[in-house]
Structures are given as structure tokens and as C-alpha cells.
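*Asks:* predicted structure and sequence below. I'll ask about it afterward.
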Amino acid sequence: MTMTKKLGLAVAATFALALTSAVPAQAALITISDSTPRWQNDNPDAWVVITDNNGDNISVRWGDIFSPSGYDFSAKQTPFQVDTNVNGGKFLLGEFTHLNFPTFLPSLESIELKFSMQIGGGANPSSFQEVFKFHHNETPNQRPCQPGSQSVCDDIVTFSQGTLNSSFELNGTHYVLRLLGFSQDGGNTLTDGFMTKENKKNTAKLYAQIIERQDPTPVPEPTSMFLLGTGLAGLAARRLRRKQ
């Protein structure tokens with residue numbers, strides 16, 4: 001084999017290695033075999049009347065003990081599967097309900113919703129936990145309400161992304177759980193703020209996604225790969241000259 005051919009093979013091998021490192025991992029079909037929700041760390045906790053964390057349907061109540069306001073959350077029945085290659089890994093996490101009734105101040109300001117999940121679908125099933133904080137804006141009930149705009153009669157519920165920043169591993173790939181938003185039309189429209197009517201039981205679906213955790217190691221740019229290839233090719237050429 002001539003030196004030119006050997007040099008060509010060395011360059012080809014270099015580019016093959018660089019391109020392989022740049023190819024993203026294949027999508028996974030992830031099985032959620034169990035999902036256990038739990039309310040925790042309510043603020044201010046002195047106004048919480050009842051917290052019920054038994055089963056898949058959990059609730060928290062605050063304010064007037066005879067007509068309390070509150071949150072309910074009903075987790076999606078398990079097991080179910082999430083395909084990370086379909087709709088960005090979007091799936092229905094559960095149903096969120098706000099019982100919006102008059103209450104005394106101070107009202108609930110925030111509370112955490114903790115998820116403990118069992119992950120399957122691979123050779124090594126694993127457990128996973130993440131915590132999301134829900135923020136409650138108890139707006140003043142001033143009449144008349146303003147139709148067609150953000151009414152001061154509507155309470156607003158928003159959320160923050162995971163506070164644990166944890167991930168789970170499946171077949172060598174790490175994934176994270178993120179909230180996408182509230183929806184009242186089957187997931188077609190998602191909002192990060194849920195406006196709820198006064199003196200009503202307001203319900204919305206809560207959607208999430210499972211996505212691959214981003215690798216902090218940057219993928220080489222094409223120019224960088226070219227320089228890497230030419231550099232290694234030069235080393236290969238020098239080694240061949242020494243052998244000759």
C-alpha cells in the first residue's frame with residue numbers, strides 16, 4: 001500500500017470518528033411504570049387546611065374551612081409510554097384543578113408538586129424524582145371584571161421548572177423531565193399561566209416532556225473537524241516517513 005493510500009485511510013478514519021461523535025443518540029421509547037405525585041412545602045403553611053397525598057389523586061386546601069380554595073392533581077394512569085421522537089417527547093402528565101373560592105389573606109403563595117417515577121423500557125429500569133413549584137396569584141375580586149383582558153377577578157397559577165435538576169439514565173442516555181404547560185384543548189395550545197374563574201372549579205390538563213439531557217461537551221464545528229483531520233493526517237505522514 002502506498003503512502004498516499006495510507007494517508008487517505010488515516011484522514012478517512014479521522015473524519016469518521018469525528019462524525020460519529022457528532023451524531024445524536026437515537027430516540028427512545030420510555031415506559032413510565034409508576035408515577036406518584038405529592039404536594040409539599042406549601043407557603044405560607046399556616047393557612048393550609050388539608051393536604052391529602054394518598055394515591056394518584058392528591059389535594060391541598062386552604063382558606064375558609066367551610067368553603068376552602070385548593071388544588072387537585074390527578075396523575076395519568078400508569079403504565080404508559082413516551083416516545084422521545086414524537087412531538088418532542090410531549091405527553092399528558094395529569095389533570096390539574098383549582099378550586100377558586102373567596103379566601104382570607106394571606107392566601108397560598110406557592111407549593112411544590114413532587115413526582116416519583118419508575119422508569120422502564122430498557123435493560124436497567126430506574127427510579128426518578130423531580131420537583132416543580134407552583135406559584136399562586138390570589139388576585140383581588142374587584143367588580144366589574146374586565147371582559148377580554150386579564151381580569152382582576154381571575155386567579156393565576158404559574159409554575160417553575162424542576163428544582164432538583166435531576167435526570168434518569170436509560171441504556172446509557174440521560175433524560176430530564178420538563179413541564180410544558182396547561183392546556184384546555186387536548187394539548188394543542190399550551191400556556192405557562194392558568195387563569196381561573198372566581199367561584200368555580202377550574203380544570204386544565206398538565207403536559208410535560210421527556211428529552212435527552214444536553215451534553216455540555218460542544219460538538220466540533222466542520223472547520224474544527226477539518227483541522228483535526230489534517231493535523232492527524234500530518235502525524236500519520238510523519239510516522240510513515242520515519243518507517244521508510
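*Replies:* Looks like it came in fine.
*Asks:* end-to-end on stretch 154-165?
*Replies:* End-to-end distance of stretch 154-165: 32 Å, with Cα to Cα, to the nearest Å as the criterion.
*Asks:* likewise for stretch 99-116?
*Replies:* 25 Å.
*Asks:* and the helix or strand encompassing Ala208, what does it pack against?
*Replies:* Element membership for Ala208, per DSSP states H and E: strand 200-212. Under the contact definition 3 or more Cβ pairs under 8 Å, 6 or more residues apart in numbering; DSSP states H and E, strand 200-212 sits against strand 90-100, strand 173-183, strand 193-196. No exception for glycine: its C-beta is placed from N, CA and C like everyone else's.
*Asks:* out of those, which is closest to Glu212?
*Replies:* strand 173-183 (5.8 Å; Cβ to Cβ).
*Asks:* give me the angle between the closest one and strand 90-100.
*Replies:* 40 degrees (axes from the mean of the first three to the mean of the last three Cα atoms, to 10 degrees).
*Asks:* buried stuff in strand 173-183?
*Replies:* Neighbour-count burial for strand 173-183, counted by 16 or more other Cβ atoms under 10 Å, picks out 173, 175-177, 179-183.
*Asks:* TSV for the residues you listed, including distance to Ile32?
*Replies:* What follows is the buried residues of strand 173-183, written out as TSV (distance: Cβ to Cβ, whole Å):
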residue	distance to Ile32
Thr173	16
Tyr175	11
Val176	14
Leu177	10
Leu179	15
Leu180	16
Gly181	19
Phe182	20
Ser183	19
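*Asks:* closest to His136 among the residues you listed?
*Replies:* Phe182 (13.6 Å).
*Asks:* and the pLDDT at the closest one?
*Replies:* For Phe182, the pLDDT comes out at 98.
*Asks:* which residues does it contact?
*Replies:* Applying Cβ atoms under 8 Å, 6 or more residues apart in numbering to Phe182 gives the contacts 96, 157, 190-194, 204-207.
*Asks:* residues touching Asn137, list them.
*Replies:* Here Asn137 is in contact with 155-158 (criterion: Cβ under 8 Å, 6+ apart).
*Asks:* quick one: which of those residues is nearest to Gln214?
*Replies:* Using Cβ to Cβ, these come closest to Gln214 at Thr158, 24.4 Å.
*Asks:* which strands and helices sit next to the host helix or strand of the closest one?
*Replies:* Using DSSP H and E, the secondary-structure element containing Thr158 is strand 155-160. Applying 3+ Cβ pairs under 8 Å, 6+ apart, one finds that strand 155-160 contacts strand 90-100, strand 126-137, strand 193-196.
*Asks:* pairing partners for the helix or strand where Ile30 lies, with directions?
*Replies:* Counting by DSSP H and E, the element that carries Ile30 is strand 29-43. Strand 29-43 has the following strand partners under DSSP bridges: strand 80-83 (antiparallel), strand 110-120 (antiparallel).
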